[in-house]
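> Predicted structure and sequence below. I'll ask about it afterward.
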Amino acid sequence: MNTDTFEHPLAIGSSEEAAPADSVDREAEAQISTPGSESGSLIYHDLLIPNVLRTLFDSSDPLGHVGDMPNQDLQSIEKDFEVHYHYYNQPEARKRGATIIEQASAILNRSRGSPTAKHKVLELQAAAREKAPLGESEFVAALKAALLNKSRNVPKAGVTLENARPGDFEPRPVEWAEDKLESLTQAHFHTTAIPQTSGDDDPLKDVYNKYPQLKTPRPDMVYGIGLNKLSQEARALLDNAPVKPLISKMHNLLFVAEVKTLERPLTEARLQCQRSGSAIVFSRVQWNEAAEGRTLTQIPAKLPQVGPNESPTPDQDSFCFTTAVSPSSSYIYVHWREVWAPSGAIYWHTSLLGQYSFEPGLDALTEDFQKHVSNILDYELLERMPKVWQQAQQLLKRKLKDGDSELPEAKTSRVN
């Protein structure tokens, strides 16, 4: 078998299911809630927020009311995170990472081949209005049902999207099952998932004692490659890598959502997204290093100090997306790392890409949210995952002599 022609093992042992399984990490304990507030101004990307709406957003408290987490605690936590080089929406970092932000924004705004997003506006708005008051679990279940379809409406044969009328569409299965997409709720990350958050004199110890929900990520929704959907061959291919999965039931986390009700303001969700995003980025960094035969990045006990003449390099190969969702406003973030030379210091950045709304009358922003989440998953499954499988092949080839074993080979296709 010529391993150079390897394309994609996901279709091996593919399931008959047409939609991702809705499963729960049964080991998760009850989420500890601590309301919060937000400080600082939002920086909007021109591609995402219409100018006419910026005044509306900027004139209100964008991330919820002041609750049990007072402003001084929020500011203190942000400063403590910065001690470990975790930064949120830093203007200078956005300038240095402009290429990553532009690439991420282009992914969000790709044209789609179906009108699904328009049809989801009322469903998403109803979920926020009717399910959020019942609690986070009800809100999460309604969001999951609305965001991913069992089938996607596409124009019938001979009809173009531009000329299609309401009766000119028919459902075609979205091949989530063939792509092995899995969704979990309340899924525990492993305890060392977040990089650079411990040390000999760690100010975060007091933060974690007071707000334990910030210590180890346990997102409300996680999308990734489900281990139970993989064939033995495909799972062995991924298990061969010397990189510990972030959660026990998934390989290669693709996207994380933190969901809050009105009783739990969005500030907490943003802080959790910041932590989860850094963990996913670090996992991708180490995966890329392993595939290329390089030594895996390790976090030193004492963080290097950045000198006055150092040069930063944003890493364009390991960025990821997360979202913070509430019944009124929602946000999508991009996360990346930045390496400084010659010290080797690593900064972990979270930056705002767009703001959305489930409020009636702001239908375009509701539609954009559904569209952008779908585009993120399509990018992860159709562009990044094929590269991951090629990297997994490279890892295995280093361990096997030619002819010792065959690698799984299969193709997969998707409806756009």
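Looks like it arrived, so ask away.
> what bits of the chain have low per-residue confidence?
Regions of the chain meeting the criterion pLDDT under 70 cover residues 1-75, 113-118, 149-154, 161-162, 166, 170-178, 198-205, 212-214, 263-265, 399-416.
> for it, which helix is longest?
helix 266-291 (DSSP state H).
> which parts of the helix or strand following it are buried?
Sequence-wise, the next helix or strand downstream of helix 266-291 (DSSP states H and E) is strand 311-314. By 16 or more other C-beta atoms under 10 Å, the buried positions in strand 311-314 come out as residue 314. (Each C-beta comes from the backbone N, C-alpha and C, glycine too.)
> before we move on, what about stretch 302-315?
By neighbour count on 16+ other C-beta under 10 Å, the buried set for stretch 302-315 is 303, 314, 315.
> what's in contact with it?
Applying C-beta atoms under 8 Å, 6 or more residues apart in numbering, the external contacts of stretch 302-315 come out as 84-85, 96-97, 99-100, 196, 199-200, 281, 285, 336-345, 347, 349.
> for stretch 301-321, how far is the first residue from the last?
28 Å (C-alpha to C-alpha, to the nearest Å).
> that older thread, out of the buried residues of stretch 302-315, flag the one nearest to residue 148.
Residue 148 has its nearest neighbour among the buried residues of stretch 302-315 in residue 315, at 29.1 Å by C-beta to C-beta.
> How about residue 366, nearest residue that isn't a chain neighbour?
Excluding its sequence neighbours, the residue lying closest to residue 366 (C-beta to C-beta, 6 or more residues apart in numbering) is residue 121, at 4.7 Å.
> And residue 181, how far from residue 226?
7 Å (C-beta to C-beta, to the nearest Å).
> ok, those two, which is more surrounded?
Using other C-beta atoms under 10 Å, the more surrounded residue of residue 181 and residue 226 is residue 181, with 26 against 20.
> I figured that one was touching residue 385, is that so?
No: using C-beta atoms under 8 Å, residue 181 is not in contact with residue 385; the gap is 9.7 Å.
> Check which helices and strands the helix or strand harbouring the residue nearest to residue 366 is in contact with.
Assigned by DSSP H and E, residue 121 falls within helix 116-126. Under the contact criterion of 3 or more C-beta pairs under 8 Å, 6 or more residues apart in numbering; DSSP states H and E, helix 116-126 touches helix 136-147, strand 151-155, helix 363-379.
> CA atoms only for the longest one, dumped as PDB, please.
Backbone C-alpha positions of helix 363-379 (Å, rounded to 0.1, in the frame of the first residue of the first chain) are rendered in PDB as follows:
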ATOM      1  CA  ASP A 363     -32.600  38.800  13.000                       C
ATOM      2  CA  ALA A 364     -29.600  39.300  10.900                       C
ATOM      3  CA  LEU A 365     -27.300  38.900  14.000                       C
ATOM      4  CA  THR A 366     -29.200  35.700  15.000                       C
ATOM      5  CA  GLU A 367     -28.700  34.400  11.400                       C
ATOM      6  CA  ASP A 368     -25.100  35.200  11.400                       C
ATOM      7  CA  PHE A 369     -24.500  33.300  14.600                       C
ATOM      8  CA  GLN A 370     -25.900  30.100  13.200                       C
ATOM      9  CA  LYS A 371     -24.000  30.600   9.900                       C
ATOM     10  CA  HIS A 372     -20.700  31.400  11.600                       C
ATOM     11  CA  VAL A 373     -20.900  28.300  14.000                       C
ATOM     12  CA  SER A 374     -21.600  26.100  10.900                       C
ATOM     13  CA  ASN A 375     -18.700  27.600   9.100                       C
ATOM     14  CA  ILE A 376     -16.400  27.000  12.000                       C
ATOM     15  CA  LEU A 377     -17.300  23.300  12.100                       C
ATOM     16  CA  ASP A 378     -17.000  23.000   8.300                       C
ATOM     17  CA  TYR A 379     -13.500  24.500   8.500                       C
END
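> Check which helices and strands that helix is in contact with.
Packed against helix 363-379, as judged by 3+ C-beta pairs under 8 Å, 6+ apart, are the following elements: helix 98-108, helix 116-126, helix 136-147, strand 250-259, strand 329-341, strand 346-357.
> How about the contacts made by residue 88?
Counting by C-beta under 8 Å, 6+ apart, residue 88 has contacts 78, 81, 270, 274, 349, 350, 351.
> any chance of these in JSON lines, with neighbour count and distance to residue 210 too?
Formatted as JSON lines, the contacts of residue 88 follow (neighbours: other C-beta atoms under 10 Å; distance: C-beta to C-beta, whole Å):
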{"residue": "78", "neighbour count": "16", "distance to residue 210": "14"}
{"residue": "81", "neighbour count": "24", "distance to residue 210": "14"}
{"residue": "270", "neighbour count": "24", "distance to residue 210": "18"}
{"residue": "274", "neighbour count": "27", "distance to residue 210": "17"}
{"residue": "349", "neighbour count": "29", "distance to residue 210": "25"}
{"residue": "350", "neighbour count": "25", "distance to residue 210": "21"}
{"residue": "351", "neighbour count": "23", "distance to residue 210": "27"}
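> quick one: which of those is nearest residue 292?
When the contacts of residue 88 are compared against residue 292 (criterion: C-beta to C-beta), the nearest one is residue 349, at 22.7 Å.
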